[in-house]
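The sequence isn't on hand, but the structure is:
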């Protein structure tokens, strides 16, 4: 790309992976820039954290809308107003509709704390321990309408150690999440056509 891909990060909580993405994007050679952080929860700790790093951050409170279509319309409008190219989900706890995901097909990423396709959904660390896994990890994937089922872009593996707790395992996995998510974003951004090419071809670039 001749310019860095404008990237938004969607969060619901503390924004740990958001911070890793913002930090990585400070590198001059990184192919994406984090231009916006949005949360479905006005109380998300990640919002003031993003602002402290100089990134525009705001809430679109899902409770203020009558349903998912209205909430997603507001989300989409804000992404479009910021001329966003790529969306990164980082602990975003709202399930997005197939129509929203389709608008961002090939340009929306998620980080999931398991080695997909194993352990889709929630509570992956507890489930890994309960099922006696000897290896665990994390996955960056493109988001599709099916939960945690999109094409895999990157994975990292960690051992499950004797006496592990869910918290200890989660911390080990999180370190790997912070490593592979920026790498996957950088690679995706490099693979996208230049925005000017989209505009010349008549393809919508506002999601």
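Received, thanks. It should be emphasised that the depicted structure is a prediction, and the values quoted were computed from it without experimental measurement. Numbering: from 1, shown residues only.

Just the mean pLDDT for the helix or strand where residue 179 lies, thanks.
Element membership for residue 179, per DSSP states H and E: helix 166-191. Here helix 166-191 scores 98 as its mean pLDDT.

and if you look at stretch 34-41?
Stretch 34-41 carries an average pLDDT of 98.

Likewise for stretch 87-100?
Rounded mean pLDDT across stretch 87-100 is 97.

ditto for stretch 128-138
pLDDT averaged over stretch 128-138 equals 98, rounded to a whole number.

Quick one: end-to-end distance for it.
By Cα to Cα, to the nearest Å, the extent of stretch 128-138 from end to end equals 12 Å.

what comes up buried for the helix holding residue 179?
Of the residues in helix 166-191, those buried under the neighbour-count criterion (16 or more other Cβ atoms under 10 Å) are 169-170, 172-174, 176-178, 180-182, 184-186, 188-189. For every residue, glycine as well, the C-beta is placed using N, CA and C.

Tell me the bridge partners for the residue nearest in space to the middle of the chain.
Residue closest to the average C-alpha location in the chain (Cα atoms, centre = their mean): residue 89, at 2.3 Å. Following DSSP bridges, residue 89 is listed with bridge partners residue 10, residue 110.

OK, contacts around it?
Contacts were defined as Cβ atoms under 8 Å, 6 or more residues apart in numbering; by that measure residue 89 touches 9-10, 108-111, 143.

give me that answer again for 7 Å
Contacts of residue 89 were listed using Cβ atoms under 7 Å, 6 or more residues apart in numbering, and they are 10, 109-110, 143.

what's the closest of those residues to residue 77?
Proximity to residue 77 was ranked across those by Cβ to Cβ; first place goes to residue 10, at 14.2 Å.

from memory the closest one sits against residue 92, does it?
Yes. Counting by Cβ atoms under 7 Å, residue 10 touches residue 92, with 4.1 Å between them.

what about the two, which has more around it?
Using other Cβ atoms under 10 Å, the more surrounded residue of residue 10 and residue 92 is residue 10, with 24 against 21.

correct me, but residue 25 touches residue 35?
No. Residue 25 sits out of contact with residue 35 when judged by Cβ under 7 Å, with a separation of 9.4 Å.

Who has more neighbours out of the two?
Of the pair residue 25 and residue 35, residue 25 is the one with more neighbours under other Cβ under 10 Å, namely 23 against 18.

which ones are touching that one?
For residue 25, the residues meeting the contact criterion (Cβ under 7 Å, 6+ apart) are 32-34.

Return a ChimeraX selection command for the buried portion of the residues you listed.
Selecting just the buried residues from the contacts of residue 25 in ChimeraX takes one command, with 16+ other Cβ under 10 Å as the test:
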select :32,33,34
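
Since that was my last question, I'll sign off now.
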